[in-house]
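1. sequence plus the predicted model coming up.
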Amino acid sequence: MAGKRLSNDIRALRFAAGEMTQADLGKRVGLTRQTIAAIEAGKYSPTLECAFRIADVFEKTLDEVFRWEDAGQSPDN
């Protein structure tokens, strides 16, 4: 899928959930803080299982947390 990248709303969801830290989220889903930071920044794509775990923490569906975007599109669009 040339021209597409995985984007997410994890940072916004963490702050909406009482300013949850990356470390707190990591503990809840079985990942390190560094891995959560990399996923959040779009530098690492989580496994499908981890993506579902992250969505579950926020009581959201997968597509409410993660989405495909055109590579040239900014994360805020």
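-> Perfect, I can see it now.
2. and the residue lying closest to residue 32 once chain neighbours are set aside, what does it touch?
-> The shortest distance from residue 32 to any non-neighbouring residue, by CB to CB, 6 or more residues apart in numbering, is to residue 26 (5.4 Å). Placement of C-beta: from N, CA and C, glycine included. Going by CB atoms under 8 Å, 6 or more residues apart in numbering, residue 26 touches 32-33, 35-36.
3. repeat that for 10 Å
-> By CB atoms under 10 Å, 6 or more residues apart in numbering, the contact list for residue 26 reads 32-37, 39, 54.
4. using TSV, lay out these together with distance to residue 71, secondary structure and pLDDT.
-> Output for these, formatted as TSV (distance: CB to CB, whole Å; DSSP: H, G, I helix; E, B strand; the rest coil; pLDDT from 0 to 100):
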residue	distance to residue 71	secondary structure	pLDDT
32	27	coil	98
33	27	helix	98
34	24	helix	98
35	22	helix	98
36	22	helix	98
37	21	helix	98
39	17	helix	97
54	22	helix	98
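5. pull out the buried members of the residues you listed.
-> 35-37, 39, 54 (16 or more other CB atoms under 10 Å).
6. what residues does stretch 7-18 touch?
-> Applying CB under 10 Å, 6+ apart, the external contacts of stretch 7-18 come out as 20-22, 24-25, 36-37, 39-42, 45-46, 51, 54-55, 57-60, 64-70, 73-77.
7. what about these, which are in strands?
-> In strands, defined here by DSSP state E, the members of these are 66-70.
8. buried among the residues you listed? Need that as a selection in ChimeraX.
-> To isolate the buried subset of the ones in strands among the contacts of stretch 7-18 in ChimeraX, counting by 16+ other CB under 10 Å, use the following:
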select :66,69
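9. closest to residue 4 among the ones in strands among the contacts of stretch 7-18?
-> residue 68 (4.9 Å; CB to CB).
10. now this protein, which segments are flagged as low pLDDT?
-> 1-2, 73-77 (pLDDT under 70).
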